[in-house]
Structure formats: structure tokens, C-alpha cells
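[1] Pasting a predicted model and its sequence here:
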Amino acid sequence: MALPPGQSYTQSPNVLTRMDRSHMPNSPMDAALDEARAAAARGEVPVGAVIVNGAGTIIARAGNRTRAWNDPTAHAEIVAIRAACATLASERLPECDLYVTLEPCPMCAAAISFSRIRRLYFGALDAKGGAVESGPRLFNQPVCHHAPEVYGGLAASDSASLLRAFFGERRGA
Ligand SMILES: [Zn+2]
């Protein structure tokens, strides 16, 4: 999730599925993008996450809260996982899917594994801070005992635009 100014974002080379947003105006990734925009408005790094249950209903949604909570672990994915577990009164989310606007970092990838999330859908690749297709590729390591199905590149350009705009504004401020 470390996103230094000037970093370029690219679409995932391993796009397994693509969501036609014109036909799915209320898709979970749209909700995640809304959370990312709300995070930016709070002065947080614009990353948003949504968790849906097996029926496709959103049960948790969150944006980054690291600044608001003075908590370096309050990435959108972690906040959403905690909320979903609280909602379900469960330490695991085996029927659930997580949508996040940016490739998860090592901390969040580990949390996704520990929570037994079924599928991970993410937006933009994060070549410097990501840990799924980039860097440590956590789900491919022997220390990882549960790997979700991974679908990258959903709404990647929208996700990356939010990040570029955010860091561009901060750099110019
Ligand atoms: Zn993270």
C-alpha cells in the first residue's frame, strides 16, 4: 500500500474476468470505488474494500482509516474484514468474497488468507506495495495455508485514477 508519488499503475496482466460496469451499476466494485472516494475526501489514501456474503449481499464496506484512527493496520481490507467478522460473529469468512480497489499489501493479503475469504477481486496493480501478483506473491508461498481465487484488473483504471489524483494533489499542495 506504500504508494509514492509518481508511481505508475498498470492494468493487471492476469485479468481473468472483466465486469461490464454499464450493466452492473451497483456492483461491489462500484461500492468499493465509492469507499475509496470517501477515503480521499477524508484525506486518507483512496483505497476502498467491500465484502459480500455467499448470496452476493454486501455485509461490510470500508475505506482506509489509518490517519483517522492513528492505526497503521487500518487498511480498507482489514477494516472490512473486522466488520464482516463482527457481523457474522465468526473469525472466518469462507463463503465471502472481498473486493478492493488496489492490489492488497502483504499485511492485507495475509489477513485475507487467515480469514479464509473465498474470492479476491482487486482493481489496480500495486507494483511497489502489492503482495498478490507483485512482490512476495503471498498466496503462492508455502507459509500461505489458504489462497483465495484471485481476479485482478476490475475497474483498474478508475482505481488507479483516484490514487494518481490523490497523490498528485498532495504533491502539489
Ligand atoms: Zn493493506
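    Right, received. Where do you want to start?

[2] Can you pull out the low-pLDDT segments for this structure?
    1-26, 172-173 (pLDDT under 70).

[3] What parts of it come near the ion?
    By CB under 5 Å from the ion, the residues of the chain that approach the ion are 1, 75, 105, 107-108. Bear in mind the C-beta positions are built from the backbone N, C-alpha and C, glycine included.

[4] Helix, strand, or coil at the residue nearest the centre of the chain?
    Residue closest to the average C-alpha location in the chain (CA atoms, centre = their mean): residue 100, at 2.4 Å. Under DSSP: H, G, I helix; E, B strand; the rest coil, residue 100 falls in the strand class.

[5] list the buried ones in the helix ranked longest in the chain?
    In the chain, assigned by DSSP state H, the helix with the most residues is helix 156-172. For helix 156-172, burial by neighbour count (16 or more other CB atoms under 10 Å) applies to 156, 158-160, 162-164, 166-167.

[6] Likewise for stretch 54-73?
    58-66.

[7] How about stretch 86-96?
    For stretch 86-96, burial by neighbour count (16+ other CB under 10 Å) applies to 88, 93, 96.

[8] same question, stretch 126-139
    Going by neighbour count (16+ other CB under 10 Å), the buried part of stretch 126-139 is 126, 129-136, 138-139.

[9] Return the member of these nearest to residue 27.
    residue 132 (20.1 Å; CB to CB).

[10] In space, what's closest to that closest one - neighbours in sequence excluded?
    Counting by CB to CB, 6 or more residues apart in numbering, residue 132 lies nearest to residue 103, which is 5.3 Å off, once chain neighbours are set aside.

[11] which ones are touching the one you found?
    The contact partners of residue 103, by CB atoms under 8 Å, 6 or more residues apart in numbering, come to 12, 122-126, 129-134, 152.

[12] how about 6 Å then?
    122, 125-126, 130, 132 (CB atoms under 6 Å, 6 or more residues apart in numbering).

[13] Let's see which of these end up in strands.
    Assigned to strands by DSSP state E, the following of the contacts of residue 103 qualify: residue 122.

[14] Present the contacts of residue 103 as JSON lines; the columns should include distance to residue 41.
    Converted to JSON lines, these look like this (distance: CB to CB, whole Å):
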{"residue": "122", "distance to residue 41": "22"}
{"residue": "125", "distance to residue 41": "24"}
{"residue": "126", "distance to residue 41": "21"}
{"residue": "130", "distance to residue 41": "24"}
{"residue": "132", "distance to residue 41": "27"}
